[in-house]
Every structure is written in C-alpha cells, then in structure tokens.
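Student: Following is a predicted model, sequence given first.
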Amino acid sequence: MFKKNVKIILILLLCMTITSSLGINSNGTPATVYAATVFAKGADVGWLNQLENSGVKWQNDKGIQQDPLQILKDKGINSIRLRVFVNPPSNFQWTKNDGTKCYLGYGDKNGVVYMAQRAKSLGMRILIDFHYSDHFADPAYQDKPDAWKNDTFSQLQQDVYDHTYNIMSALANVGVYPEWVQVGNETNSGMMWPDGSSSNYSNWSKLINQGYNAIKTVSPSSKVILHLANGYDNSLYRSIFDGLTNAGAKYDVIGMSYYPYWNGVDYSENIDDLSHNLNDMASRYGKEVMIAEVGGLESDPAQSYNIIRAVIDKVQSVPNNKGIGVFYWEPEANSTVLPDKYPLGSTSVVSGNTLKFTTAINAFKNTTDAVNTTSVYQIVNRYSCKSLNVSGGSTADGATIEQYTYSNWNSEQWQLVATGDGYYKIKNINSGKIMNINGNSTSNGATNIQWSDTNSWSQEWQLVDQGNGYYKIMNRNSGKLLSVSNSSTDNSAITIQSSDTNNFSQMWSFVEVN
C-alpha cells in the first residue's frame, strides 16, 4: 500500500534533471535537453511583490512572519509562475471595461527579474508568462500594447521577437533560464487583436513563432507553452490546436486553465471532461500538458483542497508521463487586500494585512500519497479540513481526540508505528500515547481517545487508500472507520468510530510537519 521507494525515485529523477541541465552550449546558454523531471507543483505569485510593498505580510503555521515563497516551498510548491507585460501602468493598476480596478503585480522587466531571482535562490523552477499587452490578457482582453498599436503586421512580428528576447536576455543575465515560457495568456480568441485573432490562424501562428524563436535563441532548454482557458472544453482545444498546427505554430506544451467556480459548477461535474481533454491533447498532438492555472474559493479550503488534489491526479494520470504539472493562481492572495476582491486565493486573514495560508495548499504536499513511519504528520479530515488533536493538549490516559484548526501544536502531530500485517499504531507527539477506541468497543459512536500502549487491537489501525492523497482509517478490533461525530466542521468536534458510509468525514490526509 505504501510506496517506500517514492522518495528514492524522486531523488533519482531530480538528479537526472540536474545532470541533464549541465549541458551548456558554446555561447553559454543551456543545451536543449528534455530529460524526465519531477512533477511541477506550482504557484503563480504575480501579485506578491506588489502586495508586500502595500504592507501585506504572511505567517507560517507556527504564527511566525516569514517569506511567503519559503512558506509555499515548505508546503510542497517547487515551481513559480510569473507574468510579464509590455508597458504596464506605472502604478501597476488597471481599470477593466466594467470599471473594476485590479492590481497587475510588478509585471515589468525589473519586477519579473527580481521575483525570478528570489524563486531561483530557493531552488524553485520558473515559468514565465508573456501577456503581450500592457495589462492582463485573457479571452476577453487581448489588446495590443499602446506602443505597438499603429505598427504594421511585419513590425508587430518584430515587436514580439524583440520584447521576448529583451525579457529572456534580462533573465539570462542574472543566471535565470526558465524551464517553461508561455507565448500568450489564455489565448482562446487569439492574441494582439485584430492582427492575431483566432479568425486568422496564419497571422496568429506567425506571432507565436516570433515568441518561440526569441525564447529558444536565449534559452534553448526552455519549453514553450501555448495556453488556453476552459480546460474542460475539448472541442475548443481541438479546433484551436488543429488550426494552429495546420498553420505551422511552434510549441512544446499545451497549458490549460481550470476554474470550476467561474464556470458556475462543482468540480465533480467537469473534472472528467478535463481529464479527457488532457489525455486527448497529449495523444492528438504528441505534446506535454499542464494546468497553468487552477483555483478555488478562499472561503472553502476543504473544497479547494479537493479541487487541487483531483486536478493533480488527472494530470499525473496522463499516459507516457505527458502530464507535467499544476499551478495555482494565486495562493498568496486574499480578497481583503485586493481592490477587485478576487476570491480564489488560498489564505485567511490573521489580522489587518497579515495573512496565513489555508489548508487548501497542503494538497501539493500530498502528491506522493506516501505515508511512512519516519515522518511526523498532521492528520486532516477531508470534509472539515481540520486536524486531529488531543483535547486541551492533555497527556492523560482517556483524553478525547477531537478535530481542530491546525496551529502547529505538538498535540496535533502524530507518528505511525508499524505493528506488522499492514496495521499501525498512531502515536501523539505531545503525550506519547496511542490513539485508541474507548473500552475496546465495536459499536458505532464509540469515542476515540488516547491511551498508554497496551498492544490492544483497538489501538491498531489500517490505512485504506482512497486515491488523491486520502485514506480511510480503519480500527483493527472493530473494523469500523475513524469519523468526525455528526460530520461536524466545528472546532472541538469529537472523533468516533462508525460503519463505512463513504462520507468525506471518514476520509483523512496525512500532511508532513516541517
């Protein structure tokens, strides 16, 4: 059940990646090597530096202020996505057609170089997202930069090449060679209207190829991404990529956005459509695929966790290792610190402008689905997103085990002790006592407590893998499952055993404690 060799395999893959990247061309740029790499667990943090400069701060799980990039890294994020505009407004704010004001993030050359250096210094991989506009480019906005508006199409092609080359060279000058680079952002309707609109695949492809050529000139190893929204819509993707392929567009990766919230559906309604599209794109065009953007409501971290886990599972399931990564847009954000009140970040407010990442982002840390006896874990309920805790931090026999918002207490931390035959004791770090069903009961509703180790079967548990990083925790003595009483989402709700109803309140994830 447990993949004891996962860490060894990941280390070997990482070593292969590092070794392959050592190939250098005579001009000092990385050689074009497409080696197997570790799955990209990513975050787009384009707002981060602007938020920092407006006074926003972030706390880690211990309540200590820390660099948000370091917090994200500790939570399993290994890759950072950064956007870049052509000539954004000097205040880095943009007013949309409906009057909504929004931050752009410091997405000029200086800003993207600064953030790329920060990410690189933490050992994180980098994706650069060219918008080819002075503001956000997406299916509703693909406006030319003001400086290019009156240029001929021939000049526009040169503009794309020069701008791309300029940014890529600035990154290379500080030793940053991005692993991936997007030529355009959510280009469902083309780019730089009207010249590169989706009604003219020939023009659109020529613009793409200018970006592609500039990227490869500076950094041959960078993989070029073409990115569309609505990743569940296979007919859209087939239509566009058939048109671009026939027009000779050059690219390496197909990127998708996936936002059930903006589509007005629960993710369970179209996650299989996303999976079908991922698989079809990889097979039909022979390309790697990734989710370049995904997000869920900051106010519902449990559901957001489930969305991320489901998306990771679908991308990792693409045959022949063609699914290469998932990026969240933007986890460091919170609606209270953004002028447009964007609701799909992954933080909660501690006080004022101080934020703390929610448990949603823990979904990235669980991607190996490997639970072992050498790590210390918080054990998180799938339904409530709260963690197992010994009530009151007690060290006494008989203390109730409840659920509580994770606060990095030792009473919320656990270690597995193998007993053989696939069973484990679950030991509390604070008390050293074992999770135990009260009175050796086999009845539904019997309470879960801690007790000194008696080698009783009521203290032994089997972890039944449910996929997506979740487990049912089954008591050896009763055959019943660890559950939250009445499927409560409240702090201090007690945990009990109950018959298997396949309820989310009977499923748990194991998140390694740093």
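Tutor: Nice, I can see it. Numbers count the residues shown, from 1 in each chain.
Student: drop to CA atoms for contacts and neighbour counts, all remaining ones
Tutor: OK.
Student: What's the local residue count around residue 488?
Tutor: 16 (other Cα atoms under 10 Å).
Student: ok, the closest residue to it other than its chain neighbours - contacts?
Tutor: Using Cα to Cα, 6 or more residues apart in numbering and skipping the chain neighbours, the partner closest in space to residue 488 is residue 384 (7.2 Å). Listed by Cα atoms under 8 Å, 6 or more residues apart in numbering, the contact set of residue 384 reads 302, 488-490, 505.
Student: In helices, which of the residues you listed fall?
Tutor: Residues of the contacts of residue 384 located in helices (DSSP state H): residue 302.
Student: name the element the nearest residue to residue 507 once chain neighbours are set aside belongs to?
Tutor: Excluding its sequence neighbours, the residue lying closest to residue 507 (Cα to Cα, 6+ apart) is residue 472, at 4.8 Å. Under the criterion of DSSP states H and E, residue 472 resides in strand 470-475.
Student: pull the CA atoms of stretch 290-301 into PDB?
Tutor: What follows is stretch 290-301, C-alpha atoms only, in PDB (Å, rounded to 0.1, in the frame of the first residue of the first chain):
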ATOM      1  CA  MET A 290      -0.100  21.000 -17.800                       C
ATOM      2  CA  ILE A 291      -2.600  23.000 -15.800                       C
ATOM      3  CA  ALA A 292      -1.200  26.500 -15.800                       C
ATOM      4  CA  GLU A 293      -3.900  27.900 -13.600                       C
ATOM      5  CA  VAL A 294      -6.400  26.400 -11.100                       C
ATOM      6  CA  GLY A 295      -8.100  27.900  -8.200                       C
ATOM      7  CA  GLY A 296     -10.900  27.500  -5.600                       C
ATOM      8  CA  LEU A 297     -12.700  29.800  -3.100                       C
ATOM      9  CA  GLU A 298     -10.500  31.100  -0.200                       C
ATOM     10  CA  SER A 299     -13.600  30.700   1.900                       C
ATOM     11  CA  ASP A 300     -13.900  27.000   1.300                       C
ATOM     12  CA  PRO A 301     -10.400  25.500   1.800                       C
END
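Student: Please list the residues outside that stretch that contact it.
Tutor: 44, 227, 253-261, 278, 303-304, 307-308, 311, 315, 323-330, 334, 343-348, 358-360, 385.
Student: what does stretch 354-365 give?
Tutor: Outside stretch 354-365, the residues touching it (Cα under 8 Å, 6+ apart) are 41, 56-61, 75-77, 298, 301-306, 308-309, 331-332, 334, 346-350, 385, 511-512.
Student: How about that stretch, which residues are buried there?
Tutor: Along stretch 354-365, these residues count as buried under the neighbour rule (16 or more other Cα atoms under 10 Å): 354-365.
Student: Then stretch 84-99?
Tutor: 84-88, 92-94.
Student: from those residues, which ones fall inside strands?
Tutor: In this view, the buried residues of stretch 84-99 that belong to strands under DSSP state E are 84, 93-94.
Student: Quickly name whichever of those is closest to residue 451.
Tutor: Nearest to residue 451 out of those is residue 84 (Cα to Cα; 56.4 Å).
Student: what pairs with that closest one across the strands?
Tutor: Using DSSP bridges, the beta-bridge partners of residue 84 come out as residue 130.
Student: Touching, it and residue 105? I think so.
Tutor: No: the pair residue 84 / residue 105 is not scored as a contact, 9.1 Å apart, by Cα atoms under 8 Å.
Student: For this protein, which helix or strand comes out least confident on mean pLDDT?
Tutor: helix 6-20 (a mean of 36; mean pLDDT, DSSP states H and E).
Student: could you dump whichever helix or strand comes after that one to CSV, C-alpha only?
Tutor: Once the chain leaves helix 6-20, the next helix or strand it forms, by DSSP H and E, is strand 40-44. Output of strand 40-44 as CSV, limited to C-alpha atoms (Å, rounded to 0.1, in the frame of the first residue of the first chain):
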residue,chain,number,x,y,z
ALA,A,40,5.8,20.7,-11.2
LYS,A,41,3.8,21.7,-8.2
GLY,A,42,3.4,25.4,-8.8
ALA,A,43,2.1,28.7,-7.7
ASP,A,44,1.5,31.9,-9.8
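Student: what's downstream of strand 40-44, the next helix or strand?
Tutor: helix 48-53.
Student: Tell me the buried residues in that next one?
Tutor: Applying 16+ other Cα under 10 Å to helix 48-53 flags 48-51 as buried.
Student: Likewise for stretch 404-418?
Tutor: Those would be 404-406, 410-418, for stretch 404-418 by 16+ other Cα under 10 Å.
Student: quick one: which two of those residues are the most distant?
Tutor: Most distant of these, by Cα to Cα, are 405 and 418, 27.2 Å apart.
Student: which residues make contact with the longest helix that the chain contains from outside it?
Tutor: Scanning the chain for the longest helix, with DSSP H as the assignment, gives helix 153-173. For helix 153-173, the surrounding residues in contact (Cα under 8 Å, 6+ apart) are 86, 109, 113, 116, 130, 132, 148, 177, 195, 206-207, 210-211, 213-215, 217-219.
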